[in-house]
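J.: Here is the input, now give the coordinates:
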Amino acid sequence: MNKLVYKLTTAVSTAALLTGSVASVAFGTTSVTVSGNGSDSTNTANVSVSTSTTLVQTNNADIDNSVKINANSGNNEAEDNTGGDVSIDTGDANVSSSVSNSANSNVASLSCGGCPGDLDVKISGNGSDSENEANVELISEVGVEQTNEAKVDNDIDVDANTGDNDAKDNTGGDVEIETGDADVVVDVKNMVNSNVASIGGGDGGSIDVEISGNGSDSKNTANVGVASLVGVLQENNADIENDIDVDANSGNNEAEDNTGGDVAIDTGDADVEVGVSNEANFNGLNLDECCELVGEIKIAGNGADSENEVNVELEALLAAQQTNDYDCDGGPQGFLSSFGGGHGRGSDCNDVDVDSNTGDNDAKDNTQGGEDPTIETGDAGADVEVSTEANSNVLGDVDFPDLPDLPDLDDLNGWILLLLGHWGT
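T.: This next block holds a predicted model:
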């Protein structure tokens, strides 16, 4: 009678923060029996059990923000006034700037190291010209490395002003420059890399191998090997540079050589709104049901010129690599490029330069008055929105949450070598 099921399935899930939960080193019950013996017995039982769990999570973030703001409210001059009525009335130069960087993030939850649970190998009665051997080897390795690297450089320069006003050589009366309003709102958000890994339950159990009664010219051999290797490497590298330069102003106003009366420049309004949002690389991975083993192999009765042999070898390897690179300057490639979600890269630095103004106003050589020259402007809005949502790898169904801080790279040479070693054999 023989019956064996060995199952390894995968799915995917995600979250974010550097946190790890590891509970993987456990093989359940292993029992090897070479029994009664006797006669010309040579009996050998070799058992080798090995289990290894490695988790490395590492982040590195280098964020450099430089914000320069100059609001002003006009470089006002009224010059050489005699007589009456000269007015420069400005005000309003509102600036609002918000920069939010939330860097690297890793989450990992491990189990699935200790499969299989039960293993029972039995070579029974023995006797006669017995030569009996049972060799059992169980190997399980889990490795996870999640690494991120993010370098974010935001340089924001805002100048609001409201007019470079001067009214010049006024005599007599009425000269008016009235400005105001030069609103700027800048909002930059970068939420960079994130890795999530969850490696499933690790339940497994029961392989039964039995070569029974034995006797006579017995030579009985049972060899069982079980290996489960899981390797996961997720890495991101993001280099994001935003350089934003905003100048709102509200006119370069001059009224010039006024005598007499009535000259008016009335401006205002120069709204700028800039929003830049980059959310860089993400990986998600969930491996579920790493080991599920049931089995029974039995060679019964034996006797006479018996020579009985059972060989069972079960091996499952799952290697996943997910790597992204999003930057302006190029970045790292991954080592297992034929696995997982692959390698993606973008090139988007976002350089935003906005100048709103509302007019290079001057009214020139005004004399005597009695109405005419008047310059009235206002409104010169600008609305800029840049959004980048870079690379993403998923192995299964995942929704990525909001990202917190992210990472640098470390080596998992140990398990990679083991993994490749077993793989090569």
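J.: Report all helices and strands that whichever helix or strand Val121 is part of contacts.
T.: Under the criterion of DSSP states H and E, Val121 resides in strand 118-123. The helices and strands touching strand 118-123, judged by 3 or more C-beta pairs under 8 Å, 6 or more residues apart in numbering; DSSP states H and E, are strand 29-34, strand 131-159, strand 207-211, strand 220-247. The C-beta positions use only the backbone N, C-alpha and C, and glycine is treated the same way.
J.: strands paired with it, and their directions?
T.: Strand pairing for strand 118-123, using DSSP bridges, gives strand 29-34 (parallel), strand 207-211 (parallel).
J.: Of those, which stretch is the most buried?
T.: strand 207-211 (a mean of 23; mean count of other C-beta atoms under 10 Å).
J.: and the angle for that strand with strand 131-159?
T.: 160 degrees (axes from the mean of the first three to the mean of the last three C-alpha atoms, to 10 degrees).
J.: export strand 207-211 as CSV, just CAs?
T.: The C-alpha trace of strand 207-211 is given here as CSV (Å, rounded to 0.1, in the frame of the first residue of the first chain):
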residue,chain,number,x,y,z
ILE,A,207,5.0,10.1,6.3
ASP,A,208,4.9,6.5,7.3
VAL,A,209,7.3,4.0,5.8
GLU,A,210,7.2,0.4,6.9
ILE,A,211,9.0,-2.7,5.6
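J.: Can you list the neighbours in contact with that strand?
T.: Identification of contacts with strand 207-211 by C-beta atoms under 8 Å, 6 or more residues apart in numbering yields 4, 116, 118-124, 220-222, 224, 226, 293-300, 302, 308, 310, 312, 314.
J.: for stretch 86-94, same thing?
T.: With contacts defined as C-beta under 8 Å, 6+ apart, stretch 86-94 is touched by 71-74, 76-78, 160-163, 165-167, 170, 175-184, 248, 268.
J.: still on that earlier bit, for Ser105, find the nearest of the helices and strands packed on strand 118-123.
T.: Ser105 lies closest, by C-beta to C-beta, to one member of the helices and strands packed on strand 118-123: strand 131-159, at 7.3 Å.
J.: Run the angle between the closest one and strand 220-247 for me.
T.: When the same axes, to 10 degrees is applied, the directions of strand 131-159 and strand 220-247 differ by 0 degrees.
J.: and strand 131-159, which residues are buried?
T.: 131-136, 138-154, 156-159 (16 or more other C-beta atoms under 10 Å).
J.: Same question for stretch 295-306.
T.: For stretch 295-306, a neighbour-count test (16+ other C-beta under 10 Å) marks Gly295, Ile297, Ile299, Asn302, Ser306 as buried.
J.: quick check, distance from stretch 84-95 to the centre of its chain.
T.: Relative to the centre of its chain, stretch 84-95 is centred 50 Å away, using C-alpha atoms, centre = their mean, to the nearest Å.
J.: and what of stretch 386-396?
T.: 9 Å.
J.: State the mean pLDDT of it.
T.: The pLDDT scores in stretch 386-396 average 79.
J.: rewinding a little: tabulate the strands paired with strand 118-123 (CSV), appending distance to Glu389 and mean pLDDT.
T.: Putting those into CSV (distance: least, C-beta to C-beta, whole Å; pLDDT from 0 to 100) gives the following:
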stretch, distance to Glu389, mean pLDDT
strand 29-34, 49, 77
strand 207-211, 47, 84
